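> task: produce atomic coordinates for the following.
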Amino acid sequence: MDLDDWIGRTETVSDVLTPAPYAALAATLDRPPERPARGTPLPPLWHWLYFLPLTRQSEIGADGHARRGGFLPPVPLPRRMWAGSQLEFHAPLAIGDAVTRTSTIDGVTRRSGRTGPLVFVRVRHEIRRAGEAAAALTEFHDIVYRDAPQPGDPAPALQPAPPESAWERRVVPDDVLLFRYSALTFNGHRIHYDRRYCTEVEGYPGLVVHGPLLATLLLDLLRRERPAADVARFEFRAVRPVFDLHPFFACGEPQSGGASFRLWIRDHAGCTAMEATAVAR
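So this is what the prediction gives:
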């Protein structure tokens, strides 16, 4: 199959922003778990609690995701990761809103990496409130597919994290945290909870911390340090995986002018695992 044939494919899903997932994620982030009242603004990135991938059990692949070849193209590489996203928050979403998400395959790119072929799939999501023509949120989601690890593969290049930060929060990624986030997002990807599969099949040293969880922790840090900041744009890029074997740190600092913020994840070895930028209105 020609993967380019998938470019332009669309999928539309509707949902209602209900309070229970909001309260559950708040508890997972160690915040008070009260169910919010109708009209409570949805924090940025918490839309990932909705539009869940309700794939039938008989259609799940070996990795826990839906079998390839439906909406996403059937990339013939075994490893799949969330490489990054770029988001624009045009208008607030709130608890009680009826919403629709239209997703489009925006591009498929083939590259050669240090360990072999890579395929990047770029998906554009547009979320609208019922009855509104303009999108309240636009998101570009970058997915990378790569080959299984092989003996003798070169070690990934390390990117040292900034040695100091204005803000820092230590996070312990235990099995319960990863399970709760997988459950909240209905993410069946086995690398986040099935240690035997993760280490013996995909070759990772431990369970992989979800990329969107890392991004959520970065914006949660910003909310704790700058509660009044109204995020208009946010983008992040995964630099290297984070595993459940060691604590890591969500770090950040305001940029000059005070309307933008540099955010990053520093792993136990002092390396950057994710880098991000948030811009407030």
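
> now the longest helix anywhere in the chain: average pLDDT?
Secondary structure of the chain per DSSP state H: the longest helix is helix 211-225. Computed over helix 211-225, the mean pLDDT rounds to 98.

> my read: D63 touches N187, true?
No - no contact is recorded between D63 and N187 when judged using Cβ atoms under 8 Å, the distance being 11.2 Å. (C-beta placed from N, C-alpha, C; glycine too.)

> so for those two, which sits in the more crowded spot?
Ranked by neighbour count (other Cβ atoms under 10 Å), D63 and N187 place N187 first, with 22 against 19.

> pretty sure that one is in a strand, no?
No - if the criterion is DSSP: H, G, I helix; E, B strand; the rest coil, then N187 is coil and not within a strand.

> list the contacts of the residue nearest to it when sequence neighbours are not counted.
The shortest distance from N187 to any non-neighbouring residue, by Cβ to Cβ, 6 or more residues apart in numbering, is to H210 (6.9 Å). Neighbour list for H210: W82, L178, Y181, S182, T185, N187, H192 [criterion: Cβ atoms under 8 Å, 6 or more residues apart in numbering].

> ok but the third one is inside a helix, no?
Yes - assigned with three-state DSSP, Y181 falls within a helix.

> got the confidence number for it?
Among the per-residue scores, Y181 shows a pLDDT of 98.

> wait, doesn't it sit right on L213?
Yes - look at Y181 against L213 with Cβ under 8 Å: they come within range, at 4.8 Å.

> residues contacting E126?
E126 touches R101, T102, A135, L137, T138, E139, counting by Cβ under 8 Å, 6+ apart.

> tell me the spacing between the fifth one and Q86.
According to Cβ to Cβ, to the nearest Å, T138 and Q86 sit 9 Å apart.

> just want the most central residue of the chain.
Central residue of the chain (Cα atoms, centre = their mean): P212, 2.1 Å from the mean position.

> the nearest residue to it once chain neighbours are set aside and P21, how far apart?
Of all residues not flanking P212 in the chain, W48 sits nearest, at 5.6 Å (Cβ to Cβ, 6+ apart). Note on W48: its distance to P21, by Cβ to Cβ, is 10 Å.

> cool, and D30?
Distance check for D30 against P21: by Cβ to Cβ, it reads 16 Å.

> sorry, back to before: of Y181 and L213, which one has the most company?
When Y181 is set against L213 and neighbours are counted by other Cβ under 10 Å, the residue ahead is L213, at 28 against 23.

> wait, what's in contact with the more buried one?
Going by Cβ under 8 Å, 6+ apart, L213 touches L177, L178, Y181.

> check L218 too.
Listed by Cβ under 8 Å, 6+ apart, the contact partners of L218 are F236, A250, G252, L263, W264, I265, M274, A276, A278.

> so who does the nearest residue to it once chain neighbours are set aside touch?
For L218, ignoring the flanking residues on the chain, the nearest one in space by Cβ to Cβ, 6+ apart is L263 at 4.2 Å. With contact taken as Cβ under 8 Å, 6+ apart, L263 is in contact with L218, L219, L221, L222, F236, A250, C251, G252, E275, A276, T277, A278.

> out of the contacts of L218, list just those in strands.
Where those overlap with strands, as defined by DSSP state E, the overlap consists of F236, A250, G252, L263, W264, I265, M274, A276, A278.

> doesn't E253 make contact with the fifth one?
No - W264 lies out of contact with E253 (Cβ under 8 Å); the separation is 9.2 Å.

> which residues are in contact with both of those two?
Both W264 and E253 are contacted by S165, under the criterion Cβ under 8 Å, 6+ apart.
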